[in-house]
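In: Dropping the sequence and predicted coords here.
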Amino acid sequence: MATTETHDPPIFAPPVTEEDAARSSDRSRVQSARTNGRRWWLLWLLVGPGILAMLGENDGPSMIAYASDGAQYGLGFFVPFIPALFAMAYVCQEMCMRVGAVTHRGYGELVLQRFGSVWGWFAAADLTLTNLITLVAEFVSIRVGLAYFGLGSGVAVALGLTLVVFTFSGGRYWRWERIVLGMALFNGLFLVAAILVKPQVGAIAGSLDFSPFPGGSFNTLLLLLASTIGATVTPWMIFFQQGASADKGMTPRDIVHGRYDTAAGAVLASIFGVGALVAGAALLSHGGNGIQGFAGAGYPEALRRVAGGGAGTVFALGLIEAGAVAILTISASTAYAAAECVGVTHSFNVFPREAALFYAANFGIALVAALVILIPGAPLLSIALNANVLATVLLPVSLVFMVMLANDRGLMGRFANRRSTNVIGVGVIAFVGICGAAYGIDSFLLVTHVIG
Amino acid sequence: MSGSVRSPQTAGARRLADPSPASVEPAAEEELIMHLERDQFVAETSRPVPRAQLTRGARIALWGLRVFAVVVSLMVIYTFIDTLH
């Protein structure tokens, strides 16, 4: 698995597929840029999976969760907490990128082959469950954004599904990645929204010491922690970044650029996430804690009343963008997982007719989620709020296998984890596990009246 | 990229491996694939990696974590359903 990159023609004669030819074509540009010392061009060619994973996780429910944090508690604990969580996400996602680049295989297939089919299918089942719930929330997010412009659920469904089908065209990973990357950069609209509400810069800087700590009940605090963690690190990111790194054709020589890509994604996502929080904080003294984020036009409409039409419009467009990009990346992670576990072709470098299951899973899960939001009276608000929490609860299992794979010297050779990475990785798993379990157990005991 | 051993005679493989006049010439084919590492080829990634030998303690710990995650997930789902009412 762990080999160094060579560019000599292979001395064996493997059956060559269209997928190989497409990936080789992309790699030829990387090799050319590296040979000619075109550093910025090389960086441009190699970025993608990391930024997409991080900005994809700045999805509709996440941005509404950040805005809710701001509307309910103002600037304070959550301003530095969001970048701290993305630092945690970087540690996890860097491992995914590295394993994908070294093994050229996705997370699902490695877990299945290395640890057995039971664990592989468990991982895929966890992912499908959390992805389906999250995708429902993404369509709701688009609906909330469109409601600001007077458009309904049908338009949200049509927009989301059309985008999924549109990105399939071309049968090239590179094309898919660049389309989604171009859309993802509009996540910066949340930063624009933050600027438009004219925040006090001194107040933002003053909150970097994690104060004031949010008040309220213990269960509410646990819910905020669990949902905010779930808004930052989730199982789909693990499947997505490892699968996309392999599909992109990354090799061990690209690991440094993969780290730049992942770090850039983490920095951008934390800036834009804090932007959503700052925009939401403008509602603090205007009944912000009473706003139903997924009901009607929610936060965009509230922002329009408080900070003007510009802020409301930009926030609404941001929600549409966040939901749309997440639909594409989360559907892709489902497709990678399903096709990897079944053992069939799983690459955007193949046309749909030759990777039917991969593309069917990609579109199918988006379609099912879209149909849910068309059901009259469906509890969309509750579904959206619980999506992040469930992802947080199931995340530790995925992370444990990720750390095991990244430590597997049989697969990774000299690219296996260092001790320091393991210490941080185990710390992240413990933190996520404790927060998720604490909320789950405390809430259960409350609703069953075991505790008051 | 496939999770199990796959016949090279997939549609994609046939297209380029087929020695028909319409297929790619050998020199052109070599040019097409020369930028890939050996273990990046679909034919290579289709071969499963060997199973890891987990210790008894590791297996117990993994099952313990799995059971714990399922139990807590069920609690979250129960709470979710209860709050709907």
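Out: Thanks, I have the structure now.
In: what number of residues lie near residue A:85?
Out: Around residue A:85 there are 25 other residues, counting by other Cβ atoms under 10 Å in any protein chain shown. Glycine gets a C-beta too; all of them are placed from N, C-alpha and C.
In: so where's chain B uncertain?
Out: For chain B, the stretches flagged by pLDDT under 70 are B:1-33.
In: does the longest helix along it come close to chain A?
Out: If you go by DSSP state H, chain B has its longest helix at helix B:56-84. Yes: applying Cβ under 8 Å from any Cβ of the partner chain, one finds helix B:56-84 touching chain A at B:62, B:65-66, B:68-69, B:72-73, B:75-80, B:82-84.
In: was I right about residue A:42 contacting residue A:33?
Out: Yes: if you go by Cβ atoms under 8 Å, residue A:42 and residue A:33 touch, sitting 4.0 Å apart.
In: Show the pLDDT at residue A:13.
Out: For residue A:13, the pLDDT comes out at 62.
In: Same check on the one 4 residues further on?
Out: The confidence metric pLDDT takes the value 86 at residue A:17.
In: okay, now it: neighbour count?
Out: 29.
In: so it sits right up against residue B:42, yeah?
Out: Yes: in this structure residue A:17 lies within contact range of residue B:42 using Cβ under 8 Å: 4.7 Å.
In: Now name the helix or strand holding residue A:62.
Out: For residue A:62, the host element (DSSP states H and E) is helix A:60-73.
In: close to chain B, is that helix?
Out: No: counting by Cβ under 8 Å from any Cβ, chain B is not contacted by helix A:60-73; separation bottoms out at 14.4 Å.
In: C-terminal to that helix, what's the next element?
Out: helix A:78-103.
In: buried ones in that next one?
Out: A:78-83, A:85-103 (16 or more other Cβ atoms under 10 Å in any protein chain shown).
In: same for chain B: which of those are within range?
Out: Restricting the buried residues of helix A:78-103 to those within reach of chain B (Cβ under 8 Å from any Cβ) leaves residue A:103.
In: Residue A:405: what's it in contact with?
Out: A:95, A:99, A:107, A:110, A:111, A:114, A:411, A:412 (Cβ atoms under 8 Å, 6 or more residues apart in numbering or on different chains).
In: Among those, which one has the most neighbours?
Out: residue A:107 (31 neighbours).
In: thought it was touching residue A:242?
Out: Yes: in this structure residue A:107 lies within contact range of residue A:242 using Cβ under 8 Å: 4.3 Å.
In: Give me the common contacts of these two.
Out: A:96, A:99, A:100.
In: In a markdown table: those residues, plus pLDDT.
Out: Listed next are the shared contacts of residue A:107 and residue A:242 as a markdown table, based on pLDDT from 0 to 100:
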| residue | pLDDT |
| --- | --- |
| A:96 | 96 |
| A:99 | 97 |
| A:100 | 97 |
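In: And those, which is closest to residue A:156?
Out: Using Cβ to Cβ, the shortest approach to residue A:156 within the shared contacts of residue A:107 and residue A:242 belongs to residue A:96, at 30.2 Å.
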